[in-house]
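J.: give the three-dimensional model of this entry:
(one chain, ligands or ions: 1)
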Amino acid sequence: MAMPSSATLELFSQHVVANYGRAPISIVRGQGSRVWDAEGRCYLDLLPGLGVSGLGHCPPKVVAAIQKQAAEILHIHNNYLIEPQAKLAERIVSKITGMGRAKVFFCNSGTEATECAIKLARLCGQEHGRWKIISTVRGFHGRTYGALSSTGQPKFHEGVGPLLPGFSFVPLNDLAALESAFDAETVAFQVEPIQGEGGINPCSLEYLQAARALCDKHQALLMYDEVQCGMGRSGDYFGYQTLKAPAPDVLWLAKALGGGFPIGAVVAKDGPAAALKPGTHGSTYGGNHLACAASLAVFDSIDEEGLLVHVRETGQHLGHLLQDLASAFPKKITEIRRMGLMVAIELTFPGAPVVAACRDEGLLVNVTQGNVLRLLPALTVTKGELDEGLAIIHKVLAAHEA
Ligand SMILES: Cc1ncc(COP(=O)(O)O)c(C=O)c1O
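T.: Okay, here's the model as predicted:
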């Protein structure tokens, strides 16, 4: 029997660091796009796991794969061969179009993947005195020092400096700014093809084409952080594919890659990947049997259940619902941005009370950048669930006194 939410809240307040803004509900069970709290109340979750539970909660193939693998071997360190790791690397590379031969390094989270990409870039550049990385304003790449230093949002930098040197930030989709940011010490340009935390801001095709050309001209690496926009969310495996943008030299994944189990991966073309020589980088847990078994089942689900097509169809349906919402509230909504099942509803006022009111009505979403409601529904979400969720948002916005 689960403890009441109030008892869990009491334990939290006494023993858990208060670095997150937590709603006072204790979620004890999940299935697909639904979760239940300790009191048995059901919620529609249109932000499952903040993009981690990409297939929804407890996806059957992933649960079965974890159970099977757990009974065989959980973990062995990376001084031995790990069959599911090799199979997963092959599977990931098979989905990355346009990159040619590539290799994969495994870690446990998005921020670790970013760290690896930064080290890889610097290792590639060291012989030629190149070490600087261009990143984007409003980009988000994680919370550890390298990833944090490469994150273009000053609020995350407050009070924790000095940061890792060598990062500069350019406004997204500003070609001239990008061009002038390159210098003889630039080793890479790092970008989310669709910014997530920054408010669901897609790169334009021209921007990424120009970025590819500039990186080639300056012998720098083009690096895509697909931690949030990858793994089917945009309607293709990767955000850059939906944008029809050129392939990068380095790409990294986490969040939905494990379907709820922690795993991160950095994919690099064979050339740059060779910079990660023995001893240059590592991870004790990275790519263990359990994580890789879970992730292989994520790929099986996406492929066998036709989820990319499903994302495009449900995404279109969601697009119509969002248009209706925008026209119903022209004074409350400034803009709606959507790529597949990645949605921003930009409000003219702070979004936190809207998130709380949605939760009271049984819907889980969140807010980013203060006034952007964010939805990252499961790839398995149904049109009916989207209707239900958007009806709640409609009701909440109608009642909200801005
Ligand atoms: C694009 C992007 N990169 C990196 C990260 C960091 O991932 P993690 O929280 O797993 O460290 C996030 C997390 O939101 C992200 O959205």
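
J.: return the nearest residue of this structure with respect to the ligand.
T.: G110 (2.1 Å; CB to the nearest ligand atom). C-betas here are computed from N, CA, C, even on glycine.

J.: that residue touches H141, doesn't it?
T.: Yes: using CB atoms under 8 Å as the test, G110 is close enough to H141 to be in contact (7.5 Å).

J.: just want to know which of these two has more residues nearby.
T.: Shown here are G110 and H141; by other CB atoms under 10 Å, H141 has more neighbours (32 against 28).

J.: state the distance from the residue of the chain closest to the ligand to G139.
T.: Going from G110 to G139 by CB to CB, to the nearest Å gives 12 Å.

J.: then V62?
T.: In terms of CB to CB, V62 sits 29 Å off from G139.

J.: so those two - more neighbours on which side?
T.: V62 (25 against 22).

J.: helix or strand right after the host helix or strand of the more buried one?
T.: Assigned by DSSP states H and E, V62 belongs to helix 60-72. Using DSSP H and E, the helix or strand that directly follows helix 60-72 along the chain is helix 83-95.

J.: around the ligand, pick out the residues from this protein.
T.: Contact residues (CB under 6 Å from any ligand atom) of the chain with the ligand: 109-111, 114, 140-142, 192, 196-197, 225, 227-228, 254.

J.: export the residues you listed to JSON lines and tack on pLDDT and distance to L290?
T.: Shown next, in JSON lines, are the residues of the chain next to the ligand (pLDDT from 0 to 100; distance: CB to CB, whole Å):
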{"residue": "S109", "pLDDT": "98", "distance to L290": "15"}
{"residue": "G110", "pLDDT": "98", "distance to L290": "19"}
{"residue": "T111", "pLDDT": "98", "distance to L290": "20"}
{"residue": "T114", "pLDDT": "98", "distance to L290": "23"}
{"residue": "F140", "pLDDT": "98", "distance to L290": "27"}
{"residue": "H141", "pLDDT": "98", "distance to L290": "26"}
{"residue": "G142", "pLDDT": "98", "distance to L290": "22"}
{"residue": "E192", "pLDDT": "98", "distance to L290": "28"}
{"residue": "G196", "pLDDT": "98", "distance to L290": "26"}
{"residue": "E197", "pLDDT": "97", "distance to L290": "28"}
{"residue": "D225", "pLDDT": "99", "distance to L290": "25"}
{"residue": "V227", "pLDDT": "98", "distance to L290": "20"}
{"residue": "Q228", "pLDDT": "98", "distance to L290": "23"}
{"residue": "A254", "pLDDT": "98", "distance to L290": "16"}
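
J.: farthest-separated two in those residues?
T.: The span of the residues of the chain next to the ligand, defined through CB to CB, is set by S109 and E192 at 15.7 Å.

J.: more neighbours, those two?
T.: E192 (27 against 23).

J.: please name the residues that touch that one.
T.: 136, 139-141, 198, 203, 224-229, 239 (CB atoms under 8 Å, 6 or more residues apart in numbering).

J.: output stretch 23-30 as CSV, nothing but the C-alphas.
T.: Extracted in CSV, the C-alpha atoms of stretch 23-30 (Å, rounded to 0.1, in the frame of the first residue of the first chain):
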residue,chain,number,x,y,z
ALA,A,23,3.7,19.5,-6.8
PRO,A,24,2.4,17.8,-3.6
ILE,A,25,1.1,14.7,-5.3
SER,A,26,2.9,11.3,-5.0
ILE,A,27,2.6,9.4,-8.3
VAL,A,28,2.6,5.7,-7.6
ARG,A,29,1.6,4.1,-10.9
GLY,A,30,1.6,4.8,-14.6
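
J.: show residues contacting that stretch.
T.: Outside stretch 23-30, the residues that touch it by CB under 8 Å, 6+ apart are 2-6, 8-9, 35-38, 41, 43, 45, 48, 53, 56-58, 356, 359.

J.: which of those are buried?
T.: Among the contacts of stretch 23-30, those buried by neighbour count (16 or more other CB atoms under 10 Å) are 5, 8-9, 35-38, 43, 45, 48, 53, 56-58, 359.

J.: what's the closest of those to V381?
T.: Distance to V381 across these (CB to CB) is lowest for G56, with 7.3 Å.

J.: not counting sequence-adjacent ones, nearest residue to the closest one?
T.: Of all residues not flanking G56 in the chain, A378 sits nearest, at 3.6 Å (CB to CB, 6 or more residues apart in numbering).
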